[in-house]
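> below are the sequence and a predicted model for it; my questions follow.
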Amino acid sequence: MGLADRRRWIGAGGMLALGLAPLAAHAALSEADFLADVPLVLTASRLAQPTSETPAAVTVIDADMIRASGFRDIPDLLRLVPGFTVAYTRDNTWGVGYHGLADGFSRRMQVLIDGRSVYTPGFGEVPWGTLPLAIDDIERIEVVRGPNSAAYGANAFFGVINIITKDPAQVAGVHAFLAGGDHGAADGLLRVAGSQGDLRYRLTLGTQHRDRFATQVEKSAARQLDARADYRLSATDELTANLAASRSDLHQGRAGDLLDPAREPDAGAEHVQLRFRRAVDPENEWSLQFYHTRYYRRDDFSVVLPGPFPPAGVVPVDLSHTQWRDDIEYQGIARTSEALRFVWGAEARWEGVDAPGWFYGQGDKHGALYRLFGNAEWRVAPQWLVNAGLMAEHHSLSGFDVSPRLAVNWRPAHDHAFRASIGEAYRSPTFFEEDGDQRFSYADGTPLAQRFVPAGSLSAERVLSREVGYVGHFHAARLQLDLRLFDDRVRDLIGSRNIATSPYDNRFQAFNGDWADIRGADLQLRAKPVPWLDLWAAYARVRITANDADIAGSAPRNNFSALGVIRLGDGWEASAGIYRQGAVVWLDDGDRTRAFTRVDARLARRWKAGGHPLEVALVGQNLNQGDVAEFRPENRFERRGYVSVTFDW
């Protein structure tokens, strides 16, 4: 590891130790830890661990990778993770899947931002398009590749995506970013951060404009505000407050389509998050966190049906909804001996959804979740480490579930480690899967059709996951390697079936009835063979056996990505990314899309103007072919580019 890399990891570790990830541990993080060949991560077990000692495989997307990729949408960054499929769907939403079962909701992923879950209770989606978070404020993203309900609960079904933002002290000063390019792309951002005495603060204002496709109306104009303050109360106590909001004006639909007319809905999100942390000493601490989130969408319009069948008339359609969550969590960390340390805690969550057009005549839906969790790290011998974790939770829809995990790590040499683990995870049904009832009537109240029928009494989805892994560092080649072999057996999958008795009708109902066996391998590497060259690469091979053909095809057989950065001197930097995704069937309202290879490139130069850092960059996306089909054949991602200017003072 070169000096620049070492400094980068030291800086990241220092910020994390100050509390960037509230659900992770504050272990004894020394400089020696961060100078190790394998970096520390915080997400796998809620304890700070090197990736050679975690109970699960972890990918880290750091700030250098984010900048070099040229991506300006957070889901795009997950293309760098082995086994991930990513696509823009519609209506300002994205589909993200890992090893299959990918749909337009990302519903089997637990996504955290500084310890706050953004998984919505009503429809079980990750609202990527309305997250009040600027990509420039992300310090790193830790992705746990595999089920992790033992640490983060039922919806960490296939993995956890933990987005860790930058500490205000890390970005002190004023930061401005402007970008513009093809397809109406325009971004603007202004961030002010600093400190005064024991107070650190950061305020970010941003705007983002997109025109996704030439083949259909998919435009968005979003505005963001994100404010954070960290106040050190004493040598051991710190209070962190975060307040953020986003608003999006959308243009969507298809001109001339009766069922999906062109229209202009709007969407937004907001949250407030408070966290108190007391570090008794470097090995013992506790924290208390509260957050409130709200997501909304306003989308109501009318459809005019021509005669004579079905009868002509005006049909009002209301797709609006408001989803909310209140959450409080306590977490404690302690080391009882040189060989043993623990993390434990409890969480209570109250959440609901108000969506009259989706829950006919039911009013708002609400429920509660209660959790107890713990993880123990036991160093049996210098070369052997055991991680044992357990999550017990009660959900108002699915009842009581327990998610256990046991992992054994063997490190025969300092630079090489092997892991074997087994665990079970669950995904609770959403309010809509359980009670969704969507009906359409004419403006005069005459019933027309029912599209979704309540299911009632659904069971939680469950997966039994087994894996073996290897993490190694090869000094001669300056290369880090991570390999994961997995066998996931998924049962009680929640799907939908058409229960209509007439061929001219469609009435869908959720049910537990599908299953899938998912086997394969993940491989990732990072190399820096010479000081001026950085390389990242990821590959996954997946095979799904299932009772449903679409489920069996819901993961590409082969998936590959690579990103390379060349530092040319005199402030010049060039990078290129290659993203190969095999043919895949997107579930629910998605379709089968063909395999594609996408090539992106970025050329930038950094220098100082008046003593202040300045960067100008040119980014090209999908440079190698005319267009790429995403999620469904008509979603055509065409060749495009943008120019950006970044200024700091």
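Happy to help now that I have it.

> quick check: beta-bridge partners of the nearest residue to residue 261 once chain neighbours are set aside?
Setting aside the residues directly before and after it, residue 261 is nearest to residue 253 in space (C-beta to C-beta, 6 or more residues apart in numbering), at 5.1 Å. Using the backbone N, CA and C atoms, a C-beta is placed for each residue, glycine as well. Under DSSP bridges, the beta-bridge partners of residue 253 are residue 217.

> the strand of greatest length in the chain: partners in the sheet, and parallel or antiparallel?
For the chain, the strand that runs over the most residues, judged by DSSP state E, is strand 508-530. According to DSSP bridges, strand 508-530 has the following sheet partners: strand 447-453 (parallel), strand 479-498 (antiparallel), strand 533-546 (antiparallel).

> the ones you listed: which one's closest to residue 42?
strand 479-498 (16.8 Å; C-beta to C-beta).

> what about the closest one, distance to the chain center?
16 Å (C-alpha atoms, centre = their mean, to the nearest Å).

> report the secondary structure state of residue 235.
coil (DSSP: H, G, I helix; E, B strand; the rest coil).

> what segments of the stretch 301-450 of the chain are helices?
431-435 (DSSP state H, counting those that start in this stretch).

> mind listing what's buried in stretch 389-405?
For stretch 389-405, the neighbour count (16 or more other C-beta atoms under 10 Å) marks 389, 390, 391, 392, 393, 395, 396, 397, 398, 401, 403, 405 as buried.

> right, and the residue nearest to residue 261 touches residue 263 too?
Yes - contact criterion C-beta atoms under 8 Å: residue 253 and residue 263 qualify, at 5.2 Å.

> out of these two, which sits in the more crowded spot?
Using other C-beta atoms under 10 Å, the more surrounded residue of residue 253 and residue 263 is residue 253, with 21 against 16.

> check contacts around the more buried one.
216, 217, 260, 261, 262, 263 (C-beta atoms under 8 Å, 6 or more residues apart in numbering).

> for the second one, give me the pLDDT.
What that stands for is residue 217. We have a pLDDT of 80 for residue 217.

> quick one: residue 76 is in a strand?
No - using three-state DSSP, the secondary structure at residue 76 is helix, not a strand.

> that one: neighbour count?
Using other C-beta under 10 Å, residue 76 has 22 neighbouring residues.

> wait, which of the contacts of residue 253 is closest to residue 484?
Closest to residue 484, out of all of those and judged by C-beta to C-beta, is residue 216, at 37.8 Å.

> how much space between the closest residue in space to residue 214 that isn't next to it in sequence and residue 59?
The shortest distance from residue 214 to any non-neighbouring residue, by C-beta to C-beta, 6+ apart, is to residue 638 (6.2 Å). Residue 638 sits 29 Å away from residue 59, going by C-beta to C-beta, to the nearest Å.

> tell me which of the two has more neighbours.
The residue with more neighbours, out of residue 638 and residue 59, is residue 59; 26 against 16, by other C-beta under 10 Å.

> so what's the more buried one up against?
Counted by C-beta under 8 Å, 6+ apart, residue 59 has contacts 80, 81, 82, 142, 143, 145, 482, 524, 538.

> how about residue 571, nearest residue that isn't a chain neighbour?
Closest residue in space to residue 571, ignoring its immediate chain neighbours: residue 606 at 4.4 Å, by C-beta to C-beta, 6+ apart.

> and residue 543, how far is that from residue 76?
26 Å.

> what about the residue lying closest to residue 129 once chain neighbours are set aside, helix or strand, and which?
In space, and not counting its chain neighbours, residue 129 is closest to residue 92: 3.5 Å by C-beta to C-beta, 6+ apart. Using DSSP states H and E, residue 92 sits within no helix or strand.

> one more: the one 5 residues further on?
Secondary structure assignment for residue 97, by DSSP H and E: strand 94-98.

> quick one: work out the angle between that strand and strand 508-530.
If you take axes from the mean of the first three to the mean of the last three C-alpha atoms, to 10 degrees, strand 94-98 sits at 70 degrees to strand 508-530.

> neighbouring strands of strand 94-98 in the sheet, and parallel or not?
Strand 94-98 has these strand partners (DSSP bridges): strand 84-88 (antiparallel).

> pLDDT of the partner strand, averaged?
94.

> repeat for stretch 597-615
Regarding stretch 597-615, the rounded mean pLDDT is 95.

> pull the contacting residues for residue 156.
Here residue 156 is in contact with 109, 110, 144, 147, 148, 149, 425 (criterion: C-beta under 8 Å, 6+ apart).

> show me what contacts the residue nearest to residue 214?
183, 213, 214, 622, 626, 627.

> likewise residue 645?
By C-beta under 8 Å, 6+ apart, the neighbours of residue 645 are 177, 178, 179, 614, 615, 616, 617.

> return the residues in contact with the nearest residue to residue 486 once chain neighbours are set aside.
In space, and not counting its chain neighbours, residue 486 is closest to residue 467: 4.4 Å by C-beta to C-beta, 6+ apart. Neighbouring residues of residue 467 by C-beta under 8 Å, 6+ apart: 56, 57, 146, 419, 420, 421, 422, 484, 485, 486, 487.

> likewise for residue 362?
Going by C-beta under 8 Å, 6+ apart, the list of residues near residue 362 reads 435, 437.

> go on, residue 532?
Per C-beta under 8 Å, 6+ apart, neighbours of residue 532: 566, 567, 568, 569.

> ok, residue 625 next?
Counting by C-beta under 8 Å, 6+ apart, residue 625 has contacts 596, 597, 598, 639.

> at 10 Å what do you get?
Going by C-beta atoms under 10 Å, 6 or more residues apart in numbering, residue 625 touches 596, 597, 598, 599, 638, 639.

> go on, residue 432?
121-125, 321, 353, 355, 358-359, 365, 438, 452, 454-455, 510.

> my guess is residue 453 meets residue 434, correct?
No - assessed by C-beta atoms under 10 Å, residue 453 is found out of contact with residue 434, at 11.6 Å.

> overlap in contacts, the two.
Common contacts of residue 453 and residue 434, defined by C-beta under 10 Å, 6+ apart, comprise residue 510.
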